[in-house]
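**Student:** I need the structure of the sequence given here:
(one chain, ligands or ions: 2)
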Amino acid sequence: MSRLQTESVTPKIREVGLEEVVPAALIGVPPAEVEVDVPDALPRVRVDAGLLERAVANVLQNAVRHSPAGGPPVRVAASAHEGAVELRIVDHGPGVDDEYKERIFEAFQRLGDAPRGTGIGLGLAVARGFAEAMDGGLAAEDTPGGGLTMVFTLRSAARPGAGPEPETEDA
Ligand SMILES: Nc1ncnc2c1ncn2[C@@H]1O[C@H](COP(=O)(O)OP(=O)(O)OP(=O)(O)O)[C@@H](O)[C@H]1O
Ligand SMILES: [Mg+2]
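**Tutor:** Ligands and ions are numbered 1, 2, ... in the order given. Modelled structure (predicted):
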């Protein structure tokens, strides 16, 4: 994946609102299976919208696939932090043990519970590669009460301590 991050992919970084990117990543996911909380007041992020959309879609598809039928929906929630915006994809499935929380990001790594024929184990390697190519990150955490929470860290367009960006400013 290092070639993917450093050589083959040259991201086109722009300032975009997550409300532009997240809906595109939801295409194909049944609306009842996902709940989106992206506040309007969130600062914009410095990303390649196409790469972020693909990365979020990969993570979201995993979350939906691992969610128990009839259980709570997958939650997609964004929040602002110093210099960064976090996008969390929270599921209530079986989760991933601590010893595998890094390994799942390696190409072709699938845990023993993964049903045959459902994928090849590239989705998370690609998602992290894209996040890092945009100077961001992707990490796995436990969902409180059970499940997996995937956290994208994205560069915020808002400077720390600065007021809101002017609406007219173009990247
Ligand atoms: N939300 C999740 N809950 C539990 N396990 C997960 C979750 N997301 C990923 N995993 C585990 O991590 C492995 C790697 O995920 P990844 O998306 O890279 O591959 P995949 O989904 O198996 O195949 P592909 O994405 O290439 O179709 C999965 O096979 C699964 O074992
Ligand atoms: Mg996958």
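**Student:** show me where the protein has strands.
**Tutor:** Secondary structure of the chain (DSSP state E): strands at 14-16, 34-37, 45-47, 74-81, 84-90, 137-142, 148-155.
**Student:** closest to ligand 1 out of those strands?
**Tutor:** Of all those, it is strand 148-155 that lies closest to ligand 1, at 4.0 Å by Cβ to the nearest ligand atom. C-beta coordinates here come from the backbone N, C-alpha and C atoms, glycine included.
**Student:** elements contacting the closest one?
**Tutor:** If you count contacts as 3 or more Cβ pairs under 8 Å, 6 or more residues apart in numbering; DSSP states H and E, strand 148-155 packs onto strand 45-47, helix 49-66, strand 84-90, helix 123-133, strand 137-142.
**Student:** count of neighbours near the spatially closest residue to residue 19 that is not a sequence neighbour?
**Tutor:** Distances taken as Cβ to Cβ, 6 or more residues apart in numbering put residue 38 closest to residue 19, at 5.3 Å, once the chain neighbours are dropped. Residue 38 sits with 18 neighbouring residues when counted by other Cβ atoms under 10 Å.
**Student:** Could you give the number of residues near the residue in the chain that ligand 2 sits nearest to?
**Tutor:** With Cβ to the ion as the measure, residue 123 is the residue of the chain nearest to ligand 2, at 2.8 Å. Neighbour count for residue 123, taken as other Cβ under 10 Å: 22.
**Student:** Just send the strands of the chain back as TSV, with distance to ligand 1 too.
**Tutor:** Converted to TSV, these look like this (distance: least, Cβ to the nearest ligand atom, whole Å):
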stretch	distance to ligand 1
strand 14-16	24
strand 34-37	13
strand 45-47	20
strand 74-81	9
strand 84-90	8
strand 137-142	8
strand 148-155	4
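**Student:** Highest mean neighbour count out of the ones you listed?
**Tutor:** Highest mean neighbour count of those: strand 45-47, a mean of 26 (counted as mean count of other Cβ atoms under 10 Å).
**Student:** thinking again about what came up before, quick one: the helices and strands packed on strand 148-155 as a markdown table, columns for mean pLDDT too.
**Tutor:** Compiled in a markdown table, the helices and strands packed on strand 148-155 are given as follows (pLDDT from 0 to 100):
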| stretch | mean pLDDT |
| --- | --- |
| strand 45-47 | 97 |
| helix 49-66 | 97 |
| strand 84-90 | 98 |
| helix 123-133 | 96 |
| strand 137-142 | 98 |
